[in-house]
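# Make a model of this:
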Amino acid sequence: MSFTLKKGFTFGGWLPALIPQYPSYSTMRNDTSHPIENVESDEYGLFQAYLAGIKNASIANPNPSVGCVVIKNNKIISIGCTEKWGSRHAERVAFAPLSAADLEGSRVYVSLEPCTHMGRQPPCIHLFENTGIKKVVIGCEDPNPVVTKNGIRQLQNLGIGSFNSYYSNEIKAWNYPFFIQQKEKRPFIALKWAQSLDGCLADDNNGWKWISGEESRTYAHWLRQKYDAIMVGIGTVLNDFPSLDIRNLKHPELRNPLKIIYDPEGKIFECSLEQQENIMQKTFSPGTHKVVLINANILNNNKRDNSNWHNKMYNNPEIHFLTLNYKEENILAKNIFNEEVTAQISEILNRPLQSILIEGGSRLLSSFIHNESFDVIHLFIAPFFLGGEKHKLFSKEKRGFQVYPNKEVALEKRLHIAVQEKLGNDILIEMIPK
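Numbering: from 1, shown residues only. Okay, the predicted model is just below:
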């Protein structure tokens, strides 16, 4: 499933639309790979549909966030994007304000193949029947086996359908969580971290502000909005008290992700008064649900404690303790989001859990990498050397943590680099398994 994206495109979207400091297309004219400005071309229409699709990042999940654009007389007359899960699809949103006369002779561009089956919404394919639409261009096939190629085939039977693959990889990358979930029947896992040139995620005094620059941090916050949940280990919480929210986006901030804390040993119950205050003010700030993943026996033992700190967490309707039933760290990544835990988190979200962004620390990231339990890596590399060993991936200086065996170069699997972009002074690399 390896593929490479065109310049300016990432798994998070089209960078000029996401990052204020990123060069606009007008300054990228020496790159002729994007026929964006030719309004008469099908590629122009599909690019506009792609842009429409990223506007409702996260709220369409677990549906794909699709865009639909209607063009008549070389002018865009309507734009639609998939609404909240269970609500209208992009085609219905785009068609809603238009009359029959508006549709007559128009061109319609849809980033993903229209659905042909009854779900929470009626089949979108019927919207195109007996409308006088001149043509409908689809940018990417739907991976759902119920839909795949059926939508395109039915449009072709109507004499108006065509498929244009120019932006297929970019559309697939934007909706990659949907593609993976359709194929693997499990939540999509993304890993994200920033590091120095020598691979340090922080200095040996736990300092990390800021390894990456402003542009990288803006994109990282956009990724938080794109994914359903964000996960960190308890060590990161007790050292940094991260807010795990979204800030300073170019697009409207639609919602914060669900926060997941991996704490199998229940260290959150042992923190000091100062740590308790910082956790409640920052990491556990009100407004979003928080999930603590903990071993069942540890949770049961702590439930006997009636201290103020314990009761404050137990009685908070936004804090949820979910139990894990295994002990070995090296099987963490393969079992942490099993069917039971996924179903429980989905109930908290009030919709199926589709994607999780793992942000750290280095121990948690190492486990997911070691077990090859990830679908994409978002890596930010800053142009400086930091030194130290404590906060590197697979560091052997981590106390009380699984030490992974050394691997042989000849036997190690290579990842596919799908994206290489310069963000300010940083380099963004996005990789997927081959």
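# For I246, which three-state class applies?
The three-state label given to I246 by DSSP: H, G, I helix; E, B strand; the rest coil is coil.
# Give me the pLDDT for it.
If you check I246, the pLDDT there is 89.
# give me the number of residues near it?
20 (other CB atoms under 10 Å). For the C-beta atoms, the positions are set from N, CA and C on the backbone; glycine is no exception.
# show me the residues around it that make contact.
Listed by CB atoms under 8 Å, 6 or more residues apart in numbering, the contact set of I246 reads 221-222, 224-225, 253, 256-257.
# Out of those, which sit inside strands?
Residues of the contacts of I246 located in strands (DSSP state E): none.
# Could you list the low-pLDDT ranges of the stretch 51-200 of the chain?
118 (pLDDT under 70).
# And the contacts of I246, which two are furthest apart?
W222 and N256 (12.5 Å; CB to CB).
# okay, now P317: neighbour count?
6.
# Can you give me the distance of it to Y219?
33 Å (CB to CB, to the nearest Å).
# how deep is the spatially closest residue to K392 that is not a sequence neighbour tucked in, by neighbour count?
Closest residue to K392 in three dimensions, ignoring its sequence neighbours and counting by CB to CB, 6 or more residues apart in numbering: G199, at 5.0 Å. G199: 17 surrounding residues under other CB under 10 Å.
# where's G199 relative to A418, distance?
Relative to A418, and taking CB to CB, G199 is found at 21 Å.
# for C81, same thing?
Separation of C81 from A418 (CB to CB): 24 Å.
# same check, this time on N169
For N169, the distance to A418 - CB to CB - is 8 Å.
# Look at the two and report which has more neighbours.
A418 (21 against 17).
# send the alpha carbons of the one helix or strand the more buried one maps to over as CSV?
With elements taken from DSSP states H and E, the one containing A418 is strand 415-423. Provided in CSV are the C-alpha atoms of strand 415-423 (Å, rounded to 0.1, in the frame of the first residue of the first chain):
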residue,chain,number,x,y,z
LEU,A,415,9.7,2.0,5.9
HIS,A,416,8.4,3.9,2.9
ILE,A,417,9.0,7.6,3.0
ALA,A,418,5.8,9.1,1.6
VAL,A,419,6.4,12.8,2.6
GLN,A,420,9.4,15.0,3.0
GLU,A,421,8.7,18.7,3.7
LYS,A,422,10.6,21.6,5.1
LEU,A,423,8.7,23.3,7.9
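# how deep is K6 tucked in, by neighbour count?
14.
# likewise V341?
20.
# For it, which non-adjacent residue is closest in space?
L322 (5.9 Å).
# Give the helix, strand or coil label for that neighbour.
Per three-state DSSP, L322 ends up strand.
# ok, now which ones touch it?
291-294, 341, 344-345.
# at 6 Å instead, please
291, 293, 341, 344 (CB atoms under 6 Å, 6 or more residues apart in numbering).
# now swap in I294 and tell me
By CB under 6 Å, 6+ apart, I294 lies in contact with 263, 266, 321.
# G45 too?
So G45 contacts 69, 71, 109 (CB under 6 Å, 6+ apart).
# Can you tell me the SS state at the first one?
Classification of V69 by three-state DSSP places it in strand.
# What's opposite it in the beta bridge?
Applying DSSP bridges to V69 gives these bridge partners: I79, Y109.
# how many neighbours does it have?
V69: 28 neighbours (other CB under 10 Å).
# Could I get the full set of strands for the stretch 301-434 of the chain?
319-324, 355-360, 376-381, 415-423, 426-433 (DSSP state E, counting those that start in this stretch).
# which of the ones you listed sits most buried?
The highest average neighbour count among those, using mean count of other CB atoms under 10 Å, belongs to strand 355-360 at a mean of 24.
# pLDDT of that strand, averaged?
95.
# Any chance you could list what contacts that strand?
Identification of contacts with strand 355-360 by CB under 6 Å, 6+ apart yields 177, 187-193, 227-232, 236, 368.
# Show me this structure divided up by domain.
36-165, 186-433 (automatic domain parsing).
# any idea which of these is most buried?
Note that of those, domain 36-165 is the most buried (mean count of other CB under 10 Å), with a mean of 19.
# out of the strands of the stretch 301-434 of the chain, nearest to N56?
Comparing the strands of the stretch 301-434 of the chain by CB to CB, strand 355-360 comes nearest, at 14.8 Å.
# rewinding a little: tabulate the contacts of L322 (TSV), appending distance to E214.
TSV is the format used below for the contacts of L322 (distance: CB to CB, whole Å):
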residue	distance to E214
V291	30
L293	32
V341	35
Q344	37
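# Out of those, which is nearest to L103?
Q344 (44.9 Å).
# Could you check how far the residue lying closest to the closest one once chain neighbours are set aside is from I260?
Spatially, and ignoring its direct neighbours in sequence, Q344 is nearest to L322 (5.4 Å; CB to CB, 6+ apart). Distance of L322 to I260, given as CB to CB: 9 Å.
# any common contacting residues for these two?
Going by CB under 6 Å, 6+ apart, residues that sit against L322 and also against I260 are V291.
# okay, and the common contacts of N169 and A418?
L5.
# so K267 touches G233, yeah?
No. Checked against CB atoms under 6 Å, the pair K267 and G233 is beyond contact range at 9.6 Å.
# what's the helix or strand for Q156?
helix 150-157.
# And that helix, how far out from the chain middle?
Averaging C-alpha positions (CA atoms, centre = their mean, to the nearest Å) puts helix 150-157 30 Å from its chain's average.
# which neighbours does the helix or strand following that helix have in its sheet, and in what orientation?
Later in the chain than helix 150-157, the nearest helix or strand by DSSP H and E is strand 161-163. Strands that pair with strand 161-163, judged by DSSP bridges, come out as strand 135-138 (parallel).
# Show me what the partner strand is in contact with.
42, 107-110, 113, 128, 152, 155, 160-164.
# any idea which of the residues you listed is closest to M1?
E113 (17.5 Å).
# Can you give me the distance of the closest one to W193?
34 Å.
# Now tabulate the contacts of I294 in CSV and tack on distance to D102 and pLDDT.
Output for the contacts of I294, formatted as CSV (distance: CB to CB, whole Å; pLDDT from 0 to 100):
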residue, distance to D102, pLDDT
D263, 55, 94
G266, 61, 94
F321, 53, 96
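# Identify, from these, the entry nearest to A90.
F321 (38.2 Å).
# Okay then, goodbye and thanks.
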